[in-house]
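# Provided below are the primary sequence and the corresponding predicted coordinates.
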Amino acid sequence: MRYMLLVAALTVVGCGTTCPKIKATRCNGQLVETCGANKKWMRAMDCSEVKPLKPGAAANWTCGETTTGHTCVPGGVK
Amino acid sequence: MTEPTPVVVRNFWDFMSEGYESDVIPKADSELMKLVAGFLDVTGILDDETFMENFTTTLHNNIYIPFEIGDPKRDLWSQIRTCVHEHQHIEQGNRDGWIEFGGLYLTSPAFRANYEAEAYGCDMELEFWRQGQSFDAKAYGQRRVETLKNYGCKPEHIEQAKQTIAIRAGVLAQGGLENKCSQLAVAWLNQHAPELCGL
């Protein structure tokens, strides 16, 4: 139990690299990441996992930057 | 709008539980949940009655529910949505590893808000499928994350979660679905209960 708590504590301390400003966004490969309130980068979405909700929607998506920040944009090549 | 039948709700839970090898446990029967409820009550986080009667809780692959699946006295569509939300937490544990997921969720309100924002993303995605294009998914999702104040999260964590919801809502509006459990759910519902779809 003590070992598990230690691992959990180390995980929390070590997880997520530091980011500059809360709510900043970036692409980390195909991951869209946002800067959390603890100033750690956090996974928001994995664009390689996006699937079309209905026929006609894009099948492939990629992480990209728009006027509102980083997000998954249709048309990526897998 | 067509309502799901109790049979559809039960079959849906069976499908998701089988896929994730989850066990569904009545919350009222769980000594562990009573213990957690007592702790939350004593620490002032949440009163025990609210926790036991209104909150579904997932620990590892055990889902503790405060209702009977398919009971028409409890909104049937919300039972489907709850099923997806809770299984997304199991997806998170499987994806990130249970020690990392559990450690971050329990000790960091920022990471907890982020994990919940993803699961609330399922609520938003399912509701969009149900209600159709005119549905304001972003507003709905951002209202849902207000619940995080009951999870030991502060306004800055809720703001962070709202941003994640906004990103997800933008992708959803363009027809993209990212959460694994939403994808599974929509595929099953399209096949077995297409009459519920508003798209």
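Received it, and whenever you're ready, just let me know what you need. Residues are numbered from 1 along each chain as shown, chains lettered A, B, ... in the order given.
# for the record, mean pLDDT for the helix or strand hosting B:F101?
For B:F101, the host element (DSSP states H and E) is helix B:98-107. Throughout helix B:98-107, pLDDT has a mean value of 93.
# From the chain's centroid, how far away is it?
17 Å (Cα atoms, centre = their mean, to the nearest Å).
# Show me what the helix or strand hosting B:V36 packs onto, helices and strands only.
Following DSSP H and E, one finds B:V36 within helix B:31-42. Here helix B:31-42 touches helix B:48-54, strand B:57-59, going by 3 or more Cβ pairs under 8 Å, 6 or more residues apart in numbering or on different chains; DSSP states H and E. All C-beta spots, glycine's among them, are computed from the backbone N, C-alpha and C.
# ok, back up a step: could you list the alpha-carbon positions for the helix holding B:F101 in PDB?
In PDB, the C-alpha atoms belonging to helix B:98-107 read as follows (Å, rounded to 0.1, in the frame of the first residue of the first chain):
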ATOM      1  CA  TRP B  98      -4.800   2.800 -13.400                       C
ATOM      2  CA  ILE B  99      -2.100   4.100 -11.100                       C
ATOM      3  CA  GLU B 100      -1.600   7.200 -13.100                       C
ATOM      4  CA  PHE B 101      -5.300   7.800 -13.700                       C
ATOM      5  CA  GLY B 102      -6.200   7.100 -10.000                       C
ATOM      6  CA  GLY B 103      -3.300   9.000  -8.600                       C
ATOM      7  CA  LEU B 104      -4.000  12.100 -10.800                       C
ATOM      8  CA  TYR B 105      -7.800  11.900 -10.300                       C
ATOM      9  CA  LEU B 106      -7.700  11.700  -6.600                       C
ATOM     10  CA  THR B 107      -4.900  14.100  -5.800                       C
END
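# Name the next helix or strand downstream of that helix, please.
helix B:109-131.
# just checking, B:A28 touches B:M52?
Yes. In this structure, B:A28 is within contact of B:M52 by Cβ atoms under 8 Å, at 6.7 Å.
# Please name the residues that touch whichever residue of chain A sits closest to chain B.
Residue nearest to chain B within chain A (Cβ to the nearest Cβ): A:A57, separated by 2.7 Å. Neighbour list for A:A57: A:P74, B:Q174, B:G175, B:G176 [criterion: Cβ atoms under 8 Å, 6 or more residues apart in numbering or on different chains].
# Quick one: mark the members of those residues that sit in strands.
Per DSSP state E, strands hold the following members of the contacts of A:A57: A:P74, B:G176.
# which two in the contacts of A:A57 are spaced the farthest apart?
A:P74 and B:G175 (7.9 Å; Cβ to Cβ).
# Surely A:A58 is within a strand?
No. Under DSSP: H, G, I helix; E, B strand; the rest coil, A:A58 falls outside any strand and is assigned coil.
# nearest spatial neighbour of it, skipping sequence neighbours?
Leaving aside its sequence neighbours, A:A58 sits nearest to A:P74 (Cβ to Cβ, 6 or more residues apart in numbering or on different chains; 3.2 Å).
# Ok, B:S30 next?
B:Y64 (5.5 Å).
# check contacts around that neighbour.
B:I25, B:P26, B:K27, B:S30, B:M33, B:T56, B:T57, B:T58.
# Paired strands for whichever strand or helix holds it, with orientation please.
According to DSSP H and E, B:Y64 maps onto strand B:62-65. Using DSSP bridges, strand B:62-65 pairs in its sheet with strand B:23-26 (parallel), strand B:57-59 (antiparallel).
# Distance-wise, check B:S17 relative to B:T58.
12 Å (Cβ to Cβ, to the nearest Å).
# same question, B:G176
According to Cβ to Cβ, B:G176 and B:T58 sit 26 Å apart.
# Those two: which is more packed in?
A count of neighbours by other Cβ atoms under 10 Å in any protein chain shown puts B:G176 above the other of B:G176 and B:T58, at 25 against 19.
# Quick check: that one touching A:E49?
No. Assessed by Cβ under 8 Å, B:G176 is found out of contact with A:E49, at 9.7 Å.
# Name the residues of chain B found near chain A, please.
Contact residues, chain B versus chain A (Cβ under 8 Å from any Cβ of the partner chain): B:99-100, B:102-104, B:106-111, B:113-114, B:118, B:125, B:128-129, B:154, B:156-157, B:159-160, B:163-164, B:166-168, B:170-172, B:174-178, B:180, B:183, B:186, B:199.
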